[in-house]
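Coordinates for the following, if possible.
(4 chains, ligands or ions: 6)
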Amino acid sequence: MSTDSVSIAFAGSGGAGVLTAGNVLLEAAASAGWYAYLSRSAGPQIRGGESVTLLRVSRNRVESHDDDFRLLLAIDWRNFERFVAELPLSGDSLLIGDAEAGPLPECLAAYAARYCELPLKRIAKGMSQGRPNMVALGVLAAAIGIPCDKVTEALAHTLRDKGQAAMDAGAACVTAGMECARELPLIKLPAAPAPRAHGERLLITGNEATGLGAVRGGVRFVSAYPITPATEILEWLAPSVDRLGGTLVQAEDELASVNQAIGASFGGTPSLTATSGPGLALMLESIGLAVAAEVPIVVVDVMRGGPSTGIPTKSEQADLGMALYGLHGDAPHLVLAPLSVADCLFTTQWAVHLAEALQTPAIVLSDQSLGQSRAVIERPADLAFIGRRQTLEDIGERYARYAVTTSGVSPMAIPGMPGGQYTAEGLEHSEAGTPSGSAADHAAQLQKRRRKLTDFDYGTHWAEIEGEATTAVITWGSTTGPVREALNRRAVAGWATRMVAMRLLAPARPDAMRQALDGVERVLIVEQCEGGQFHHYLRAHYDLPAEVRTLCKPGPLPIRPQEVYTRIEDWH
Amino acid sequence: MSTDSVSIAFAGSGGAGVLTAGNVLLEAAASAGWYAYLSRSAGPQIRGGESVTLLRVSRNRVESHDDDFRLLLAIDWRNFERFVAELPLSGDSLLIGDAEAGPLPECLAAYAARYCELPLKRIAKGMSQGRPNMVALGVLAAAIGIPCDKVTEALAHTLRDKGQAAMDAGAACVTAGMECARELPLIKLPAAPAPRAHGERLLITGNEATGLGAVRGGVRFVSAYPITPATEILEWLAPSVDRLGGTLVQAEDELASVNQAIGASFGGTPSLTATSGPGLALMLESIGLAVAAEVPIVVVDVMRGGPSTGIPTKSEQADLGMALYGLHGDAPHLVLAPLSVADCLFTTQWAVHLAEALQTPAIVLSDQSLGQSRAVIERPADLAFIGRRQTLEDIGERYARYAVTTSGVSPMAIPGMPGGQYTAEGLEHSEAGTPSGSAADHAAQLQKRRRKLTDFDYGTHWAEIEGEATTAVITWGSTTGPVREALNRRAVAGWATRMVAMRLLAPARPDAMRQALDGVERVLIVEQCEGGQFHHYLRAHYDLPAEVRTLCKPGPLPIRPQEVYTRIEDWH
Amino acid sequence: MDNGIANPALSARDYKSSVKPVWCPGCGDFSVLSAITKTFAELQLDPAQVAVISGIGCSSRIPAYLNTYGFHGVHGRALPLGVGLKVARPDLTVLVTGGDGDGFSIGGNHFLHACRRNVDITYLVMDNQVYGMTKGQASPTTAPDWALSKLTPEGPGINPFYPLVIALASGANFIARASSSDPNGTARMLVDAIRHPGFSFIQVLSPCVTFQPEQREWKKLVHPAPVEATSDPAKAARRLMTDDNLFVGVLYQGTRKPFQPCLEADLEHAAELDEAFAI
Amino acid sequence: MDNGIANPALSARDYKSSVKPVWCPGCGDFSVLSAITKTFAELQLDPAQVAVISGIGCSSRIPAYLNTYGFHGVHGRALPLGVGLKVARPDLTVLVTGGDGDGFSIGGNHFLHACRRNVDITYLVMDNQVYGMTKGQASPTTAPDWALSKLTPEGPGINPFYPLVIALASGANFIARASSSDPNGTARMLVDAIRHPGFSFIQVLSPCVTFQPEQREWKKLVHPAPVEATSDPAKAARRLMTDDNLFVGVLYQGTRKPFQPCLEADLEHAAELDEAFAI
Ligand SMILES: Cc1ncc(C[n+]2csc(CCOP(=O)(O)OP(=O)(O)O)c2C)c(N)n1
Ligand SMILES: Cc1ncc(C[n+]2csc(CCOP(=O)(O)OP(=O)(O)O)c2C)c(N)n1
Ligand code: SF4
Ligand code: SF4
Ligand SMILES: [Mg+2]
Ligand SMILES: [Mg+2]
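Residues are numbered from 1 along each chain as shown, chains lettered A, B, ... in the order given. Ligands and ions are numbered 1, 2, ... in the order given. Modelled structure (predicted):
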């Protein structure tokens, strides 16, 4: 458990407003200078079901949850047992319930000693427009020490469209809540870090950051078919890409959306679509077309629990195999994964750049835990690599769209360029693009399409590599958060460990990995997937040290730093 | 090059009828007691394009082509250069052309010394209803020594619907052709093996054998969407499954066909569909549903050149990755591959059995070279393992469709069974089938679905293992033919080699492989795929000896026995 | 558990399962669920002889709430599941259910072809002119100027999909519209639809109170069809030319023969088929 | 190579590429190809400003035979390729082509939704009532009793798909039927279709001489539409009720506004969007 941060949970059913209150607290903590990370878990109901908001506030950058929660406040306990597995508590966790909400549920009996009741509802009732969630907000703020003015500021911001009366009522509730928390044993946060200039940090979800990365990368056409948990990317992009002179089109299904993106990109516009596992499955045939016809597109898969419809609102890293190998035929393409909420921006932008530079589809594997969590992040620099496609410059005697060049990348004519006319072709073809079944053309085109990916200089972005040691942890995507935290704790405890968190999964780069594992004698592989897909991928494409361990766990529960820590410690 | 067999090629454009004549010769050789194997290659035209028929006749079982062709007869040379790569000739190959067809093409100049012209067209013109292909048939039969009566018998069989006059004309042409071949240097075949009773052997294509395996396995519902080179499976099944009291439905697309099969199987009828790469890609989402809802189906993918539309009429083994890993989420399922034309029957039947026994989808990876080739095979025994599903017997207090049993297989209620009502569910679910997002249910169901596959006793069928040696070749599917032939030649040359030809690809069975590789110090991996998909699969799931070599070549040219031979020989 | 054979008099509640719906309070789908159980009771169907098949969406959750066989498939593919099941098992009563997104957007092709194919199943679509489950995006039946989805902030801007028109144009054999505000009327219509041979289609106006709250008004706006059901497609087409999309009733009852291959064998053993290949 | 800008008078052959068609001798698609090149010449389109998009099938091979930009996509997905291209590049002339299998079977959903969406593209389907490329199976437009496919030896047995009816029912803005036996007439119609704003659909009867040889007779059977093109959908619908599927002419010319988002920016840099998240 981290000592630099405090993790709290806030539960309630129906329209109790725990998410609103949680977000106000997040915003308050952020503007007071802390880092923070918020996620939310809800029951299966479409609306009005029970839910819990999980918030972690920290002195340092933080983009995943801790091992356990120091404080749990419930406005009511309805169906609370649904969340208990997601809410590890420790012996000294503080539990707060509303006095009118009935007894502490059976499943929390072990923590009864640190349970106290507060009259949240009663206080709210006693105030004009009083709401228990706002009183609770005050309690929580006081309990961890978020300054009152920051909370009321954030509250005013949230309620700005509801009028002054609502804001005043909310502020009064918060004050009352803070008052009422006076007698609680407090769990003070370490002081906030030094204040930062406006705009140096962003408060953003992974899905929003993905959208931002897309438009920064130059995406100006987006096709959409809604699916949980990817929809927010599309919803954020709809007005945003529009303001930048592009557009978003809602398609009839994923077969249409991916082909719309391919069509738009054929026309020269960097294009993207976002989906989740079931939608990506439907797109695979056409992603293969983009490989063969060499049309850049970016497809974001915000992974959720599988297989099939699975657990649509929970996170898992189990679409890796599909993203890597799911296309028919030999179809080399790019697969990338953001390593944190912040990295959703960088990785998506990089994906656009790579797809455009290499004229190939890029699949970006985000997941629900990145996409739907909101965090304070450093504002990423406005990187230069806006997607640039190598387009036709001079028309030679005969333009050959699929010319076998040294790099494997062939200059692309864009409709409108005189003399560049060619047919983008999904059949195997000659350099000119004419359909061909000859062994020589097939081999040449297969090799060129592979070579352009393997020979490209990806620089150091392929992975985040930290620490010098003989023990290494290899991970990818969202599990990087808990891994990094575990390794930081090990460092504090005096144990060095190397971390290799992979951002670029395809093409495989065995040489880069060899260097990254130089001197490493044993590795732990961490992934959130029952079948060990990442582990098998590593075995298939890389040479690993003889001693390999795995921490492969399916969703929906996140992997906790302590699990990683223990799995390494056990080794000794 | 084999000395027990003779390989010949017969080329011609337009309606020259080289396929008909080739098939007559095949049938004649078969009924005279030889083994034989025929494949065909055609230009891109839908009809009337140039084509070449490749026939190998042998004393022993033969189900793939040899290294080169001893005889090439062309009725004309139009676009012949298209085929030249598929038609390796040796220095002593005999070339025959029609006297009126113009000079030997440039690309065959090297073989001019063994070229002779025959007046095929002129002879045909001189006869009533004479056709050059029939004259050529006589030439070929004489050249390799197929008895005249067998040829005329086979011809009569082929022309049975065209009337006596046509048969007589054909027979006269054959006789004239045989006559005209008198002066040729002959390439006599070794004597035919001893005659066999009618019905002990079959003359069949891989696609037909697949259909036969399906109905033998118990399939009684087939859904269809045409695609090259899988259509013939469906076309054979349409009337056949009907005669057995089932039916075939042509669907609007592959999304529909796979779901029709799942629906029919949910109703208790063993079901199958067949497709090729692009179609399988479209089916993946729904195959994941069959995994999650535990509904058996068989999907045959007759692989063709990829990626995308690729080379639809040519063979490749490059859909392996998609078949193994292409489903989203952790979705264990079966993947099998027939090892020869004959084995299409066994493997498909076994796939139906396994799918039914394990309540899961099975993907069968055949390919164009198996599916569209016709061969003489031993009639397979009528095996007992007709698909048997473990269905509901007693209704306990509460029937739990997805009960976590020791084997992982849960008795399945079939609509109509009183008290068995449940909802087949693609969402993660409890044992009862109620949607559940709980970590415990998810883990239990994921593990059960994996366990039922890994714990099943597959016996020895998972691979064909031959030879005792420290050097082994591992292969799968259709490349087994040339591998086996290469190893037989090595055996003749006094070198022992072990062969492991995998029929069951998923689930991976590392223990079985460990045993199969016991004592093996080095392995050669053979596959027809540019990207080394099989090689990576083996690395991912099995422990291989330190010394590993690969022979990974894309289509469309087949891997020849000599390539395998040389690749091993090089090692020394 | 009552399996419906011992006891000939089943009531609507005998067709309900114990699973609690995930729907929002007030959602129209509750009434549709009750219309379905009423229908089954009216027809005295053996629950074990009924299969209810769906795709994905709020409305597609229905099978789990019924005590019949059920299949909760993937998004948009309920119809081919139902078609395959019915063709292979003509003895079952097959009801396919789902939403406007599931049926007309991603599933539009199967709708077209199921109408053409005319297998004897019934397809009930709970039309709320929105994707409920994914939290409120435009569906094919949404008005072009509906600007409440973040995905299409200025409205989808495209011509709506008219389910009855398409059903008629592609050859459905029974076509009707119902309203969830009248579960008894819906049940009566569903009884007729199930009894009618061939492919029957019912569009049920079923409000999404969360994302299309103004649909609560539907119950006041719907009105009985001004004309009788017809078996003349031309008449039905003319009727639809002046459709306000709010009449409730049976539009069309055709006489096309259902698609149902005969499932009788004339061979006993599959191995008899080897003979064609014997040398 | 002539790029069409230097020379203002382009003839039909300037739009042909040097690739030799794979079609069977006598295939109707040859005439369609020539109708297309005639159309482009008539409109004097710059070949570099034209994109011809298709799926998979004999008919879908057309792009390679033209000297314009082209896209030979996957089976059934030509329309979304064309829609995406046109929306992102409204300056181009986008012609989508293909077959009845590609467009109405696997691609049926995109056809429905492209008609609704009304993007300003033209869709030309070479209807031969068969899957030519896969060697002769029934397509949606095949007669129910056509028993020449091994896949459906007793005929598909299902109601045909009526392309004009579906186009009208789902809101296409220009609807016509042509015959490959009259390439000049087809070209005239295609000129009108391309000029007409919004989604234009032309069904071209184009015989498959190999698998539907009796379609050679079409050239004798087709006849001009007995009535003028209308802009009234009801009138068009009535006209289709007595359709013998062999009239040739424009059925319907609507006035719906094409779907085309404005592509003007009001922000210069994407990074300006960060501000909404700034702390
Ligand atoms: C392949 C796929 N794409 C997208 C989704 C996400 N999704 C789930 S339900 C739904 C729409 C449901 O709308 P509708 O059918 O109208 O049902 P309602 O919720 O309105 O009853 C969508 C898009 C999915 N589950 N699968
Ligand atoms: C996903 C997929 N399924 C099936 C096929 C096989 N296929 C190729 S063309 C075709 C039908 C073509 O029919 P149509 O569009 O009418 O074109 P025609 O050949 O008649 O001109 C089919 C089924 C394919 N290429 N891809
Ligand atoms: S979101 Fe709409 S459709 Fe879904 S349950 Fe709620 S009210 Fe019903
Ligand atoms: S098969 Fe038919 S459609 Fe295809 S090229 Fe030949 S005639 Fe034309
Ligand atoms: Mg809906
Ligand atoms: Mg066709």
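
So the closest residue to ligand 2 within chain C: helix, strand or coil?
Using CB to the nearest ligand atom, C:Asn109 is the residue of chain C that sits closest to ligand 2, at 12.9 Å. The C-beta positions use only the backbone N, C-alpha and C, and glycine is treated the same way. Here C:Asn109 takes the helix state, with states given by DSSP: H, G, I helix; E, B strand; the rest coil.

For residue 87, give me its contacts.
You didn't say which chain, so I picked chain A. The contact partners of A:Leu87, by CB atoms under 8 Å, 6 or more residues apart in numbering or on different chains, come to A:9, A:52, A:54, A:69, A:72.

that's the wrong chain, I wanted chain C
By CB under 8 Å, 6+ apart, C:Val87 lies in contact with B:221, B:247, B:249, B:260, B:264, C:119, C:259-261.

what's the answer for C:His196, then?
C:173-174, C:253.

What segments of the stretch 101-250 of chain A are strands?
Secondary structure of the stretch 101-250 of chain A, counting by DSSP state E, counting those that start in this stretch: strands at A:115-118, A:201-205, A:221-224, A:247-250.

Distance from the strand ranked longest in chain A to the middle of the chain?
As assigned by DSSP state E, the longest strand anywhere in chain A is strand A:89-98. The chain centroid and the centroid of strand A:89-98 are separated by 29 Å under CA atoms, centre = their mean, to the nearest Å.

Counting by contacts, list what that strand packs against.
Where contact means 3 or more CB pairs under 8 Å, 6 or more residues apart in numbering or on different chains; DSSP states H and E, strand A:89-98 is packed against strand A:69-74, strand A:115-118, helix A:132-144.

Show me what the first one is packed up against.
Identification of packing neighbours for strand A:69-74 by 3+ CB pairs under 8 Å, 6+ apart yields strand A:5-12, strand A:89-98, helix A:132-144.

Can I get those in a markdown table including mean pLDDT?
Shown next, in a markdown table, are these (pLDDT from 0 to 100):
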| stretch | mean pLDDT |
| --- | --- |
| strand A:5-12 | 95 |
| strand A:89-98 | 93 |
| helix A:132-144 | 96 |
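
most tightly surrounded among those?
Stretch with highest mean neighbour count among these: helix A:132-144 (a mean of 28; mean count of other CB atoms under 10 Å in any protein chain shown).

relative orientation of that helix and strand A:69-74 in degrees?
Interaxial angle, helix A:132-144 versus strand A:69-74 (axes from the mean of the first three to the mean of the last three CA atoms, to 10 degrees): 160 degrees.

what's the distance between helix A:132-144 and the middle of its chain?
28 Å.

Stretch C:181-199 too?
Mean-position distance between stretch C:181-199 and its chain equals 10 Å (CA atoms, centre = their mean).

With just CA atoms, put it into CSV.
Only the C-alpha atoms of stretch C:181-199 are listed here, as CSV (Å, rounded to 0.1, in the frame of the first residue of the first chain):
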residue,chain,number,x,y,z
SER,C,181,-48.9,0.7,-23.7
ASP,C,182,-51.4,-2.0,-24.5
PRO,C,183,-50.0,-5.4,-23.5
ASN,C,184,-53.3,-7.2,-24.1
GLY,C,185,-53.6,-5.9,-27.6
THR,C,186,-49.9,-6.7,-28.2
ALA,C,187,-50.6,-10.2,-26.9
ARG,C,188,-53.6,-10.7,-29.2
MET,C,189,-51.5,-9.6,-32.2
LEU,C,190,-48.6,-11.9,-31.1
VAL,C,191,-51.0,-14.8,-30.9
ASP,C,192,-52.1,-14.2,-34.5
ALA,C,193,-48.5,-13.7,-35.6
ILE,C,194,-47.3,-17.0,-34.1
ARG,C,195,-50.3,-18.8,-35.6
HIS,C,196,-49.8,-17.3,-39.0
PRO,C,197,-47.6,-19.6,-41.1
GLY,C,198,-44.3,-18.1,-42.4
PHE,C,199,-42.3,-15.1,-41.3
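
Listing partners with orientation, what would you give for the longest strand of chain A?
Partner strands and pairing direction for strand A:89-98 (DSSP bridges) are strand A:69-74 (parallel), strand A:115-118 (parallel).

for the last one, what is the average pLDDT?
Strand A:115-118 carries an average pLDDT of 94.

What of the longest one?
On average, the pLDDT along strand A:69-74 is 96.

Report the buried residues of that strand.
Within strand A:69-74, the residues scored as buried using 16 or more other CB atoms under 10 Å in any protein chain shown are A:69-74.

Could you do stretch A:245-255 as well?
For stretch A:245-255, by 16+ other CB under 10 Å, it's A:246-255.

Is A:Ile525 in a helix, a strand, or coil?
Secondary structure, three-state DSSP: A:Ile525 is strand.

All good on my end, thank you.
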